[in-house]
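Asks: how would this look folded up:
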Amino acid sequence: MHKKIILIDVDGTLVDYEGKLPKSATKAIREARANGHKVYICTGRSEAEVYDYIWDIGLDGMIGGNGAYVKDGDKVILHKKISKEETKHIVDWLHKRGLEFYLECNSGLYASENFEEKGEVTIREYASRKGKDSSNMTVRDAFPDMIFGADLYREDVNKVSFILSSYQDHLDSIKEFPELKASTWGGAGEIALFGDLGVKNIDKGKAIDVLLEHLGESLENTIAIGDAKVDIPMLEKCNLGIAVASGGDEIKAMADYITDAVNEDGIYKAFKHFSLI
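Replies: Coordinates of the predicted model:
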């Protein structure tokens, strides 16, 4: 069997929305790598949010920031960032609108002045939509290593996420920052909870091209596993696209194969089904 390059989304795919990593997923990845396959996470997270318990699985590297960052082993292949000037513009604009936010950097997540207090309601709503018991959840529960009180005019920013007071905030961000990619998350359309701003003209699929060129590997040997709309470019790019059963309808409709949910050993079962282990 040709050795495969396997790309796995993190939230909702590798781990559940409480951050729990099934033992079966760890077992599957370690066995696949022992069989000569390479395994990379492909996530919206910045490297600061890839905690030790994920790296301890044993991974070959990562694609982060939804495609803005590519790392093979210890070698950074690609890192597209928002400039310090653009970051200052974003921070000032969000402050002027009274919106709380955090900067997503590889060195950490840097919160605005009142994010911990004002973000609690939004974080609980986001968690409840994912089926979690969120009644006592705090911002520090959701983001255990978040940094408060730091200088927000930074030059190492991958993305900026901000709490929407209404969907109009997102629409206005598109007009205000035409040179950046404006998106939402935490719900579709009017029910979205967060807006975000990141580097334009990047996605998970384009980042896979960068990784494969570096590795000297072919697309025909690629497998992608995801659960959300943002993962669709990854599944479209790879030769085999797998969605988890707990994922969204859009990605399941276009996937080549649907495995079980993350908490039902979905990764392990997919690896078994395709003889990776």
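Asks: Find the residue at the geometric middle of the chain.
Replies: Nearest to the geometric centre of the chain sits Gly44, at 2.0 Å (C-alpha atoms, centre = their mean).
Asks: can you pull out the strands in the stretch 101-250 of the chain?
Replies: Using DSSP state E, counting those that start in this stretch, the strands of the stretch 101-250 of the chain run over 101-105, 108-111, 147-148, 157-163, 180-185, 194-199, 222-226, 240-244.
Asks: I'd like these written out as TSV, with mean neighbour count, mean pLDDT and distance to Gly73 added.
Replies: In this view, the C-beta of every residue, glycine as well, is placed from N, C-alpha and C. Formatted as TSV, the strands of the stretch 101-250 of the chain follow (neighbours: other C-beta atoms under 10 Å; pLDDT from 0 to 100; distance: least, C-beta to C-beta, whole Å):
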stretch	mean neighbour count	mean pLDDT	distance to Gly73
strand 101-105	26	96	21
strand 108-111	22	96	22
strand 147-148	15	96	27
strand 157-163	24	95	20
strand 180-185	19	92	28
strand 194-199	24	94	23
strand 222-226	27	97	18
strand 240-244	25	97	24
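Asks: who's in contact with the nearest residue to Thr87 once chain neighbours are set aside?
Replies: Leaving out its chain neighbours, the residue that sits closest to Thr87 by C-beta to C-beta, 6 or more residues apart in numbering is Val157, at 4.9 Å. By C-beta atoms under 8 Å, 6 or more residues apart in numbering, Val157 lies in contact with 81-82, 87, 103-105.
Asks: Going by distance to Leu14, which of the residues you listed wins?
Replies: Glu104 (18.5 Å; C-beta to C-beta).
Asks: mind listing what that closest one touches?
Replies: Residues counted as contacts of Glu104 (C-beta under 8 Å, 6+ apart) are 45-46, 48-49, 65, 157-161.
Asks: Recalculate using a threshold of 10 Å.
Replies: Going by C-beta atoms under 10 Å, 6 or more residues apart in numbering, Glu104 touches 44-49, 64-65, 68, 82, 110, 156-161, 196, 198.
Asks: and what of Val76?
Replies: Counting by C-beta under 10 Å, 6+ apart, Val76 touches 47, 61, 69-70, 106.
Asks: Strands - which of the residues you listed land there?
Replies: Within the contacts of Val76, residues falling in strands by DSSP state E are 61, 69-70.
Asks: Adding distance to Leu94, neighbour count and pLDDT as columns, could you present these in a markdown table?
Replies: What follows is these, written out as a markdown table (distance: C-beta to C-beta, whole Å; neighbours: other C-beta atoms under 10 Å; pLDDT from 0 to 100):
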| residue | distance to Leu94 | neighbour count | pLDDT |
| --- | --- | --- | --- |
| Gly61 | 32 | 21 | 98 |
| Tyr69 | 23 | 24 | 95 |
| Val70 | 28 | 25 | 97 |
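Asks: between those, which is closest to Ile258?
Replies: Relative to Ile258, the closest of the ones in strands among the contacts of Val76 is Gly61; by C-beta to C-beta it sits at 26.4 Å.
Asks: Number of residues surrounding Val262?
Replies: Using other C-beta atoms under 10 Å, Val262 has 27 neighbouring residues.
Asks: Glu176 too?
Replies: Glu176 has 15 neighbours, counted by other C-beta under 10 Å.
Asks: how far away is it from Ala182?
Replies: The gap separating Glu176 from Ala182 is 9 Å, by C-beta to C-beta, to the nearest Å.
Asks: Mutual contacts of these two, please.
Replies: Both Glu176 and Ala182 are in contact with Leu197, where contact means C-beta under 10 Å, 6+ apart.
Asks: where does Val76 fall, helix, sheet strand or coil?
Replies: In the three-state summary, Val76 is assigned as strand, counting by DSSP: H, G, I helix; E, B strand; the rest coil.
Asks: what does Lys269 give?
Replies: Here Lys269 is recorded as helix under three-state DSSP.
Asks: contacting residues around it?
Replies: Applying C-beta under 10 Å, 6+ apart to Lys269 gives the contacts 24, 28, 244, 259-260.
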